[in-house]
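S.K.: can't give you the sequence, but here's the structure:
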């Protein structure tokens, strides 16, 4: 927790927050602040600043807070990833929030196991937890939007064209040429399931106007490919 | 398993292998090959090729193999990472093998928990398992060398200078400037623990001739930073 993310419900006065639960536990175990110490804080969706410890004990952490800095710049990418097993899903959420993508869409393909859609990891609370952990890690405050597309054809025919009106479409697939150079333009980055896309799916993405790119001869795990592609192409 | 990694003990004739255990299980459950199907195989430390299925049943998979292609190019990097908790240690090993680094050295710093050094994950068998999984994922055959430096000062004063004779030294730390451009030269890439290096450690690396670089305002988890730095600076 390199930043303590604050929510409206944490405020007991206009410039004072009182924390309990997980954030208090982390402060007591790891940060171990004393009275008057400064901790990095951020307001959900807003500015970053510091919190001066007013009081801390086993029941609560009270801080006087002030905000003076914008959060770090975002990566102008809508990340679309084929749904994966729950443990990887959680890591991808946390990583996407850490890297600062604007939005994440999980979608279905032929090679996505149907059981993945039943996972409790997909519930709103679980998603929010991973996103908050990612923001706290990366000192950011802006939660990416997260949504699901359970059917491939409506995703590629109805949802994707809207996104592509103002963004380039890029599909990562081992069949694509390795990328040359960097690009920082707004984009939709589409990453397939562990087994890859089937040819029909690649064709549908091409029809929608997407470019297919690769990462060389090595086939990476989905969570590694997410980091590799975002960093390679969009990291400032 | 995008490639089945073969070892000398798998061979029952000069061009025939018989597999049991994990690799057979994966073939039966995921690949589901029939007689005469071709599977991608690679010889540990050697060439890549294909295996034609001679026979497969619940007890073994027999293939006739031929090799005709070198493994993918390596990243010319000795990756030095402060030792982390076991679950992350395993992921970093797998990722390092997937990305094709030459060598991984895990070292101690002030902020590394001493208990990490007692983990059973550090045993040779466990390490090898993760490396093999990483190579099978990335279609590679060359196991990176893995070693440990349990004391910081001997590592930085005695081991590091030897490595730096033929390689650039690069330390990743939030205090460093964000990297400009790419570099593909042989290097030692040094990454600290979750809590970062202490100033004394950074100073020791500078004295040894290392350059300190950063990744911008976002602080990434160690496993994400490993991928981000390797991809950003060395991916072909």
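M.R.: Ah, there it is. In this text the structure is predicted, and so the values were computed from the model without any measurement.
S.K.: going by C-alpha atoms from here, please, whenever you check contacts or count neighbours.
M.R.: Noted.
S.K.: so residue A:198 sits against residue A:110, correct?
M.R.: Yes. Using CA atoms under 8 Å, residue A:198 is in contact with residue A:110, at 7.3 Å.
S.K.: more crowded one of those two?
M.R.: Neighbour count, other CA atoms under 10 Å in any protein chain shown: between residue A:198 and residue A:110, residue A:110 has more, with 16 against 13.
S.K.: spit out the contact partners of that one.
M.R.: Shown in contact with residue A:110 (CA atoms under 8 Å, 6 or more residues apart in numbering or on different chains): A:197, A:198.
S.K.: tell me the spacing between it and residue A:151.
M.R.: 10 Å (CA to CA, to the nearest Å).
S.K.: where does residue A:181 land on pLDDT?
M.R.: Residue A:181 is assigned 56 on the pLDDT scale.
S.K.: walk me through the domains of chain A.
M.R.: Chain A breaks down by automatic domain parsing into domains covering A:4-69, A:75-234.
S.K.: flag every residue of chain A that's near chain B.
M.R.: A:2, A:72, A:95, A:98-99, A:137-140, A:216-221, A:224, A:227-228, A:231-232, A:236 (CA under 8 Å from any CA of the partner chain).
S.K.: helices and strands of chain A: which one has the lowest mean pLDDT?
M.R.: strand A:168-178 (a mean of 90; mean pLDDT, DSSP states H and E).
S.K.: tell me the contacts of the closest residue to residue A:204 other than its chain neighbours?
M.R.: Nearest in space to residue A:204, with sequence neighbours left out and distances taken as CA to CA, 6 or more residues apart in numbering or on different chains, is residue A:156 at 7.0 Å. Residues near residue A:156 by CA under 8 Å, 6+ apart: A:204, A:205, A:208.
S.K.: out of those residues, which are buried?
M.R.: Neighbour counting with 16 or more other CA atoms under 10 Å in any protein chain shown marks A:205, A:208 as buried within these.
S.K.: mind listing which of the contacts of residue A:156 are in helices?
M.R.: Under the assignment DSSP state H, the contacts of residue A:156 contribute A:204, A:205 to helices.
S.K.: and the contacts of residue A:156, which is closest to chain B?
M.R.: Using CA to the nearest CA, residue A:205 is the member of the contacts of residue A:156 that lies nearest chain B, at 23.9 Å.
S.K.: surely the closest one meets residue A:171?
M.R.: Yes. If you go by CA under 8 Å, residue A:205 and residue A:171 touch, sitting 7.5 Å apart.
S.K.: relative to its centre, which residue of chain A is most distant?
M.R.: What lies farthest from the middle of chain A is residue A:35; by CA atoms, centre = their mean that is 33.5 Å.
S.K.: A helix includes it, no?
M.R.: No. Checked against DSSP: H, G, I helix; E, B strand; the rest coil, residue A:35 lies outside a helix; its state is coil.
S.K.: quick one: residues contacting it.
M.R.: Contact partners of residue A:35, counting by CA under 8 Å, 6+ apart, are A:52, A:53, A:54, A:55, A:56.
S.K.: if we use 10 Å, what do you get?
M.R.: Counting by CA atoms under 10 Å, 6 or more residues apart in numbering or on different chains, residue A:35 touches A:52, A:53, A:54, A:55, A:56, A:61, A:62, A:63.
S.K.: returning to what we had before: okay, the contacts of residue A:156 in TSV with distance to residue B:68 next?
M.R.: Output for the contacts of residue A:156, formatted as TSV (distance: CA to CA, whole Å):
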residue	distance to residue B:68
A:204	34
A:205	33
A:208	38
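S.K.: shaky segments in chain A?
M.R.: A:180-183, A:236 (pLDDT under 70).
S.K.: quick one: the strands in it?
M.R.: For chain A, applying DSSP state E gives strands covering A:4-6, A:11-13, A:16-19, A:38-43, A:48-56, A:61-69, A:75-82, A:101-107, A:145-149, A:168-178, A:187-191, A:211-214.
S.K.: flag every buried residue along the fifth one.
M.R.: Read that as strand A:48-56. By neighbour count on 16+ other CA under 10 Å, the buried set for strand A:48-56 is A:48, A:49, A:50, A:51, A:52, A:53, A:54, A:56.
S.K.: what number of residues lie near residue A:41?
M.R.: 26.
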